[in-house]
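[1] Have a look at this prediction, sequence included:
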Amino acid sequence: MDFFIPLFPFKTLIYFGILVPCAICDLKTTQVPRAPLLFLIITMIVSTPFEALPGSIFGATAGMIAFWLIRKMSGNGLGLADVWMAGATGAFGGAAFCAETTFLAIVLIVPRAFFLLRLKSHQSIPFLPSLTAGAFFLLLVEYFSGK
C-alpha cells in the first residue's frame, strides 16, 4: 500500500490560507504584518521535495531581490509586504511562476490605476491583493490546462 500523500494540495492551502487574509488586511489598512509572510516563505521552502529545492530557493531569492530593487527604484512605492509576497510566491512555484504572477497582477491593477489617475486621486493602490488574485488565476489556468 502506498502511503504517499502529494504535498502540492497542502502547500496550496497553506499558501492561500495565509495570503488571502494578508491581502484583505492590505486592502483595509494598507498594513500587512510580516510574520505570516516570513512563515509562509519558510514553510514553502521546507515543504518542497528535495529534488525541487534549488528551484524553490532560487525562486524565493529572485522574487525578493527583483521586488526589492523595484521598491528602491520607485522610491518605496511598493511595500515590504509585496517584497515578502514575491519571495513566498517564488518559493511556492519557482521564479517563472513568480514572474507570471507579477505580470497578471500588473494586468489586474492597471484599470484601477487609470481610473484613479482619471479622478486625479493620489490614493495608494495595494498591490498584494492583485498578486494574490494573479497567483490564484494562474493556478486555475494551470490546473484546467492539465499542466
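    Everything's here; your move.
[2] From the rest of the structure, what touches the helix or strand where residue 17 lies?
    Using DSSP states H and E, residue 17 sits within helix 8-29. Applying C-beta atoms under 8 Å, 6 or more residues apart in numbering, the external contacts of helix 8-29 come out as 31-33, 36-37, 39-40, 43-44, 47, 79, 81, 85, 88, 92, 126-129, 131-133, 135-136, 139. For glycine as for every other residue, the C-beta is placed from the backbone atoms N, C-alpha and C.
[3] Which positions in the helix or strand following that helix come out as buried?
    Of the helices and strands lying after helix 8-29 in sequence (DSSP H and E), the nearest is helix 34-46. By neighbour count on 16 or more other C-beta atoms under 10 Å, the buried set for helix 34-46 is 36-37, 40-41, 43-45.
[4] counting contacts, what elements does helix 34-46 pack onto?
    When contacts are defined as 3 or more C-beta pairs under 8 Å, 6 or more residues apart in numbering; DSSP states H and E, helix 34-46 packs onto helix 8-29, helix 53-73, helix 80-93.
[5] what's the most buried one of the ones you listed?
    Mean neighbours per residue, mean count of other C-beta atoms under 10 Å, is largest over these for helix 80-93, with a mean of 27.
[6] on contacts alone, who are the packing partners of that helix?
    helix 8-29, helix 34-46, helix 53-73, helix 95-118, helix 128-145.
[7] how about low-confidence regions in this structure?
    1-7, 147 (pLDDT under 70).
[8] With residue 139 as the reference, measure out to residue 127.
    For residue 127, the distance to residue 139 equals 19 Å [C-beta to C-beta, to the nearest Å].
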